[in-house]
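Q: what would the 3D arrangement of this be:
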Amino acid sequence: MTEQERNVLLNELRQQESQREKQIKRERFRRLNPYAKKGAVVFAGSSLMEQFPLYEFLQDDDLHCTLYNRGIGGFTTTELLEAMDECILELQPAHLFLNIGTNDLNGPDYDRAAMLGRYEEIVQQIRKKLPETKLYLLAYYPVNPTVAEDPGLIECFRWRTNERIREASEGVQALARKYGAEFLDLNKDLYDAAGNLKAEYTIEGMHLYANGYRPVMDALLPLLLYCVLPCVVLKSFCIEYSEKGAVELAVGIAAGAGMLRLSMAVSWLFFRKAPWRQIGTVLIIVNAAPIGSNIAVYAQRLGLDSSYAVQMVCLSTLLSLIALPVMLSLAAALGFA
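A: This next block holds a predicted model:
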């Protein structure tokens, strides 16, 4: 057997093994999906999505949500079309993040129009079968051919160039506009001075280490927080008892009651008579109203305890159901309304 024949045989064996692994993953998802919650957040695509360490980042960022990763390494747009049920449709996600198509670029027979046509068919199926799902289409990550060492990968980079990636991303962006999806370019911090993927972020020029995914996650975090905030709110109603927490709660309630008394006193002293009477009423209402929910967003972005912030929002909302009518009744009795 010649060297060329040996390489051809090895390539065929690798392709067979790759196809077998893809089928195993599809079957695993098919059996797993009945246990998944509907209306969650789903990430789907190829290996660049499969290898995204989403669960670790969620823990690190203290985000509590139901999220499923349905990326499958080596997938093309053709293969995702064949696996729509297992990877997307059966989960009925509320939010779907999609990154598929980079493996279509890996050869001389790449046809941009054909690839985007298959991508469009994927989007059409989602729009038809999951009309309520919020869809996000991700720009393709850059590559760095200068760090590649494997001969097969070097050959791949002849075709999978950053120029071809940019043009493909522009096509995906056009699809997003056409079908009312949101196009997300999260790659701003991935580029080096030459416009390649930063060498310290990549395993072999194509796939990312965790530190490469971190800036992607940072760019995604504000949107992901918006997606999962309802889950965070629901979870925050379940507050575990602790002595420290009980003390903090008591102090918070006492401080809130003190602020209400202060607002009543200030209103009585300064805003009891016309034309300032309405100012007194507003001051009382503001102090009886719940905490603004945006504090949870600020806490998350500043690396503070966002779960505790949401707990306080939930608690103050419940207490305001009592405080608002009581304070308005007192305001009326004192002549403010």
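Q: in the stretch 201-337 of the chain, what spans have low per-residue confidence?
A: Within the stretch 201-337 of the chain, the segments meeting pLDDT under 70 span 227-242, 244-246, 248-249, 252-253, 256-289, 291-308, 331, 334-337.
Q: what do you get if the cut-off is 90, keeping everything else the same?
A: 221-337 (pLDDT under 90).
Q: and the strands in the stretch 101-250 of the chain?
A: For the stretch 101-250 of the chain, the strands defined by DSSP state E, counting those that start in this stretch cover 134-138, 182-184.
Q: ok, the residue nearest the centre of the chain - contacts?
A: Nearest residue to the geometric centre of the chain (C-alpha atoms, centre = their mean): L224, 3.1 Å. Shown in contact with L224 (C-beta atoms under 8 Å, 6 or more residues apart in numbering): V41, L63, C65. All C-beta atoms are positioned from the backbone trio N, CA, C, and that covers glycine.
Q: biggest helix in this structure by residues?
A: helix 3-32 (DSSP state H).
Q: that one packs against which elements?
A: helix 84-87 (3 or more C-beta pairs under 8 Å, 6 or more residues apart in numbering; DSSP states H and E).
Q: elements contacting the helix or strand just after the helix it packs on?
A: Counting by DSSP states H and E, the element after helix 84-87 in chain order, helix or strand, is strand 95-99. Here strand 95-99 touches strand 41-45, helix 47-50, strand 134-138, going by 3+ C-beta pairs under 8 Å, 6+ apart.
Q: tell me how many other residues crowd I88.
A: Using other C-beta atoms under 10 Å, the number of residues around I88 comes to 24.
Q: adjust the sequence numbering to begin at 27 for everything that follows.
A: Got it, the first residue is 27 from now on, which makes the last one we talked about I114.
Q: tell me how this protein divides into domains.
A: Domain segmentation of the chain under automatic domain parsing yields 29-261, 265-359.
Q: go through those domains and pick out the most buried.
A: Burial of the domains of the chain is given as mean neighbour count (mean count of other C-beta atoms under 10 Å); domain 29-261 ranks first at a mean of 17.
Q: can you put the helices and strands packed on strand 121-125 in TSV and add mean pLDDT and distance to Q41?
A: Output for these, formatted as TSV (pLDDT from 0 to 100; distance: least, C-beta to C-beta, whole Å):
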stretch	mean pLDDT	distance to Q41
strand 67-71	96	20
helix 73-76	97	15
strand 160-164	97	26
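Q: is the residue lying closest to P168 once chain neighbours are set aside bridged to anything, and to what?
A: Nearest residue to P168, sequence neighbours excluded (C-beta to C-beta, 6 or more residues apart in numbering): L223, at 4.4 Å. Listed by DSSP bridges, the beta-bridge partners for L223 are Y217.
Q: quick check: L223 touching T172?
A: No - using C-beta atoms under 8 Å, L223 is not in contact with T172, being 9.7 Å away.
Q: so what's in contact with these two at the same time?
A: G231.
Q: hang on, isn't T172 packed against G231?
A: Yes - with contact defined as C-beta under 8 Å, T172 counts as touching G231 (7.3 Å).
Q: backbone torsions only: list them for P119.
A: With angles defined as degrees, to the nearest 10, P119 sits at phi -70, psi 150.
Q: tell me the contacts of it?
A: By C-beta under 8 Å, 6+ apart, P119 lies in contact with K64, G65, A66, V67, V68, Y94, L156, T159.
Q: quick revisit: between the contacts of L250, which is nearest D244?
A: Of all the contacts of L250, D244 sits closest to L89, with 12.6 Å by C-beta to C-beta.
Q: secondary structure element holding V336?
A: Secondary structure assignment for V336, by DSSP H and E: helix 332-359.
Q: next one: that helix to chain centre, how far?
A: Here helix 332-359 is found 31 Å from its chain centre; the criterion is C-alpha atoms, centre = their mean, to the nearest Å.
Q: name the helices or strands packed onto that helix?
A: Secondary-structure packing of helix 332-359 (3+ C-beta pairs under 8 Å, 6+ apart): helix 236-262, helix 269-296, helix 303-314, helix 320-327.
Q: where in the stretch 77-226 of the chain is pLDDT low?
A: Across the stretch 77-226 of the chain, the ranges flagged by pLDDT under 90 are 84-92, 132-134, 176-178.
Q: who's in contact with L124?
A: Contact analysis of L124 by C-beta under 8 Å, 6+ apart lists A70, G71, I148, L161, Y162, L163, L164.
Q: bridged to the fourth one, which residues?
A: Beta-bridge pairing of L161, defined through DSSP bridges, involves L122.
Q: if I pick it, what's in contact with it?
A: L122, L124, V149, I152, R153, A202, Y205, G206, A207, E208.
Q: so which of those belong to helices?
A: Using DSSP H, those in helices are V149, I152, R153, A202.
Q: which non-adjacent residue is nearest the last one?
A: Ranked by C-beta to C-beta, 6+ apart and with sequence neighbours excluded, the top spatial neighbour of A202 is F209, at 3.8 Å.
Q: same question for the first one.
A: Leaving aside its sequence neighbours, V149 sits nearest to Y205 (C-beta to C-beta, 6+ apart; 5.0 Å).
Q: again with the third one
A: The shortest distance from R153 to any residue other than its chain neighbours is 5.8 Å, reached at Y205 (C-beta to C-beta, 6+ apart).
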